[in-house]
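>>> Got a predicted structure here, sequence first:
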Amino acid sequence: MRIALGSNNPVKKSALEKTLATMAHFTHATVTSRDVVSGVSSQPKGLAVIMLGADTRAMTAKEYMEYDLGVGIEAG
């Protein structure tokens, strides 16, 4: 499975890879990161805005790279 991460942040990529390694279905997955626009401010406030940013990152990365799964990680 090919997974697109909507961020070039090495900490976010490492966290995703470590998490996937604990899940049997994803042990052979490959993660490729790509910097994408979240559509929210650099320091989003409120759960709804943080979720919107993460969702936008995931969908944009998946569509741009045409991968099986998109993941967005957004912090506030």
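All right, it came through fine.
>>> Strands of the protein, residue ranges please.
2-5, 30-33, 69-71 (DSSP state E).
>>> I'd like the distance between the residue lying farthest from the centre of the chain and Ser14.
Here the chain reaches farthest from its C-alpha mean at Ala24, the gap being 19.3 Å by C-alpha atoms, centre = their mean. The gap separating Ala24 from Ser14 is 20 Å, by C-beta to C-beta, to the nearest Å. Where you see a C-beta, it was placed from the backbone N, CA and C, and this is true even at glycine.
>>> And for Thr60?
21 Å.
>>> Can you mark which positions in the helix ranked longest in the chain are buried?
Secondary structure of the chain per DSSP state H: the longest helix is helix 47-65. Within helix 47-65, the residues scored as buried using 16 or more other C-beta atoms under 10 Å are 49-50, 52-58, 60-62, 65.
>>> Closest to Asn9 out of these?
Asn9 has its nearest neighbour among the buried residues of helix 47-65 in Arg57, at 10.6 Å by C-beta to C-beta.
>>> re earlier: export the buried residues of helix 47-65 to a markdown table and tack on pLDDT?
Shown next, in a markdown table, are the buried residues of helix 47-65 (pLDDT from 0 to 100):
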| residue | pLDDT |
| --- | --- |
| Val49 | 94 |
| Ile50 | 93 |
| Leu52 | 94 |
| Gly53 | 93 |
| Ala54 | 94 |
| Asp55 | 95 |
| Thr56 | 94 |
| Arg57 | 94 |
| Ala58 | 96 |
| Thr60 | 95 |
| Ala61 | 95 |
| Lys62 | 94 |
| Met65 | 88 |
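>>> Kind regards, and thank you for your time.
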